[in-house]
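> Got a predicted structure plus its sequence, pasted below:
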Amino acid sequence: KTEKEKEKEKEKQKEKEKEKDKDKPKEVFVINPAGNLYYNWLFIITLPVMYNWTMIIARACFEELQHTYLIYWMILDYTSDVIYLADMLVRTRTGYLEQGLVVKDEKLLRDRYVSTFQFRLDVLSMLPTDVFYFVLGLDYPEIRLNKLLRIGRMMEFFTKTETKTNYPNIFRIGNLIMYILIIIHWNACFYFSFSKSIGFGADDWVYPALDDPDEPDFGLPMRKYAFSLYWSTLTLTTIGETPPPALDSEFLFHVVDFLVGVLIFATIVGNIATMISNMNAAQAQFQARIDNIKQYMQVRKVSKELEERVIKWFDYLWNNGKAQDEREVLRYLPDKLKAEIAIQVHMETLKKVRIFADCEAGLLIELVLKLRPQVFSPGDYICKKGDIGREMYIIKDGKLAVVADDGVTQFVVLGSGSYFGEISILNIKGSKAGNRRTANIRSVGYSDLFCLSKDDLMESLTEYPDAKGMLEDKGRQILMKDGLIELDPAKILPEAQELEEKVNKLYNTMELMQSKLKKILGNYKNADKALRCRITDLEKMVSGCGVESEIIMKHSFKGHIGS
């Protein structure tokens, strides 16, 4: 090929690459709806929404409030409009999940937002209704009521906050109290405006006259709102200690207020009662457990001393936040998240054990998931000398004492981070103690321990055979250092011979069982074959009898016709 042809081919390739780049979806900066940036923006947009929901109705009903601070209201109004407009832009940049991935295509994000019902509400909330100020004047802030349509953003912020906070029940109660105050606030504004339309002081039910020389304070702006708020609270809470209505319109307003109060407040108060009961649900469940234990101890006539120890143990669990079962709490999580939580909570504790210090990460994760928390009361024995060692323990909190057989003399005190029993669960050959405990260990006060059972360790080691050998070598070194392993082969040999004899016996038993099983299987096959032959013969006999009976019936039928 000539140089010109090569240059043309390069130009064609460049053009194709440019066309491919054009066809690629345009990716833009996307806000993750589960991230902190999106949550912080929800907080920002919530502020103007709450401002509009509280102040527009107040300015519309209390004219002095609108006139006195008009400049400030204008600044706040148009600042909230700018935030509303920015919120629409944020919505076009808010990602969503598709097949588990965040969509970043600008066109898809925009089209999805435009197709939602929320987009229509956002457009309605941004309609320039302020132009009516030029027609009606600045005394009608109610023309901005379309700004209330952004309440969905405030609700979304509250929902996310309820999920994020560590005190969801308290937040829910505070949220409901806020709704109650907003309803009372709106009703107070309606009451004052309704009184104005009838005439202040026209009767006892409406707001008192503003120019009454005996009560000059009723003309003050603060008194107007405070009295209206007081009246609204009494009415909506159905206390009803207000003057009776005089006009038909007043009766109707009062009835509507009572109905709203009964329906809304009954719902809200019911929700608050449910929340309070949910807050106490854990305590009630724990108390029921204690009551069952008490009843059992009374029926079984347990001594008072032991009963007091049991009750004190329960009190310790509740007062120190240890009443929850960790496995029950975490059972709804997937295994990966459960493992990550266990690693963060227990991994450093497990690494303190010498024999596990150099183990591979996979084995440590397996063991971390099998650690079980246990709480011991003052004076409880964790283990006694001569007991079979089926668990090892790691001290999380508290103090344990290694004591003599009398239970009083203390040799050493173990503190947080100490561990014991790791050798006994490995069952190392040649150990002088075997798998027996070599000391008495007693809890000095309340002690929080992590327990790892021998069965759980062996189950984990089946997947890590190399780690098993390494752990046994480490355990053997520790025993040699402490002089607790038998180095004389003559003394170790009987143990090996005994183990070999057990294996041989087991092997012989298996062979005997196999031979018996073969005999049983052969007898079954012979019996099955004989039974099949008998069934076949029986079927032939039945079919032969059926043919003969059919022939006899035919002959008898013909004879009957002939006669």
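Cool, got the structure.
> Output the contacting helices and strands for whichever helix or strand residue 477 is part of.
Using DSSP states H and E, residue 477 sits in helix 465-482. Under the contact definition 3 or more C-beta pairs under 8 Å, 6 or more residues apart in numbering; DSSP states H and E, helix 465-482 sits against helix 454-461. For glycine as for every other residue, the C-beta is placed from the backbone atoms N, C-alpha and C.
> List the contacts of the helix it packs on.
Helix 454-461 is contacted by residues 363, 366-367, 370, 389-392, 424-427, 467-468, 471 when judged by C-beta atoms under 8 Å, 6 or more residues apart in numbering.
> ok, so of those residues, who is nearest residue 240?
The nearest member of the contacts of helix 454-461 to residue 240, counting by C-beta to C-beta, is residue 370 at 63.8 Å.
> Quick check: closest non-adjacent residue to the closest one.
Nearest non-adjacent residue to residue 370, counting by C-beta to C-beta, 6 or more residues apart in numbering: residue 456, 4.0 Å away.
> Near the one you found, how many other residues are there?
18 (other C-beta atoms under 10 Å).
> Please tell me how far it sits from residue 472.
With distances taken as C-beta to C-beta, to the nearest Å, residue 456 is found 17 Å from residue 472.
> before we move on, what about residue 274?
As judged by C-beta to C-beta, residue 274 and residue 472 stand 57 Å apart.
> Compare those two and say which is more crowded by neighbours.
Higher neighbour count among residue 274 and residue 472: residue 472, with 16 against 12, using other C-beta under 10 Å.
> so who does that one touch?
Residue 472 makes contact with 426, 428, according to C-beta under 8 Å, 6+ apart.
> okay, it: pLDDT?
On pLDDT, residue 472 comes in at 76.
> now residue 491
For residue 491, the pLDDT comes out at 52.
> again with the one 10 residues further on
The predicted structure scores residue 501 at 70 on the pLDDT scale.
> what does residue 92 give?
91.
> With residue 278 as the reference, measure out to it.
Distance of residue 92 to residue 278, computed by C-beta to C-beta: 39 Å.
> and if you look at residue 319?
Distance from residue 319 to residue 278, by C-beta to C-beta: 21 Å.
> quick one: which of the two has more around it?
Ranked by neighbour count (other C-beta under 10 Å), residue 319 and residue 278 place residue 278 first, with 12 against 9.
> The more buried one contacts residue 172, doesn't it?
No - counting by C-beta atoms under 8 Å, residue 278 does not reach residue 172; the two are 9.0 Å apart.
> Looking at the backbone only, give me phi and psi for residue 99.
Main-chain torsions, residue 99, degrees, to the nearest 10: phi 60, psi 40.
> quick one on the thing from earlier: only alpha carbons, please: show the helix holding residue 477 as CSV.
C-alpha atoms of helix 465-482 as CSV (Å, rounded to 0.1, in the frame of the first residue of the first chain):
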residue,chain,number,x,y,z
PRO,A,465,-5.6,-29.2,57.3
ASP,A,466,-2.3,-27.3,57.2
ALA,A,467,-3.4,-25.0,59.9
LYS,A,468,-4.4,-27.9,62.1
GLY,A,469,-0.8,-29.3,61.9
MET,A,470,0.6,-25.9,62.6
LEU,A,471,-1.6,-25.4,65.6
GLU,A,472,-0.7,-28.8,67.0
ASP,A,473,3.0,-28.0,66.6
LYS,A,474,2.6,-24.6,68.4
GLY,A,475,0.6,-26.3,71.2
ARG,A,476,3.4,-29.0,71.5
GLN,A,477,6.0,-26.2,71.8
ILE,A,478,4.1,-24.5,74.5
LEU,A,479,3.7,-27.8,76.4
MET,A,480,7.4,-28.5,76.0
LYS,A,481,8.3,-25.0,77.3
ASP,A,482,6.1,-25.6,80.4
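> May I see the buried residues of it?
Using 16 or more other C-beta atoms under 10 Å as the test for burial, helix 465-482 gives 467-468, 470-472, 474-476, 478-479.
> Adding distance to residue 72 as columns, could you present the residues you listed in a markdown table?
Shown next, in a markdown table, are these (distance: C-beta to C-beta, whole Å):
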| residue | distance to residue 72 |
| --- | --- |
| 467 | 72 |
| 468 | 76 |
| 470 | 75 |
| 471 | 74 |
| 472 | 79 |
| 474 | 75 |
| 475 | 78 |
| 476 | 82 |
| 478 | 77 |
| 479 | 82 |
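> and of those residues, the nearest to residue 102?
Nearest to residue 102 among those: residue 467, at 39.8 Å, using C-beta to C-beta.
> Can you tell me the element the closest residue to that closest one other than its chain neighbours falls in?
Using C-beta to C-beta, 6+ apart and skipping the chain neighbours, the partner closest in space to residue 467 is residue 363 (5.0 Å). Assessed by DSSP H and E, residue 363 sits inside helix 361-370.
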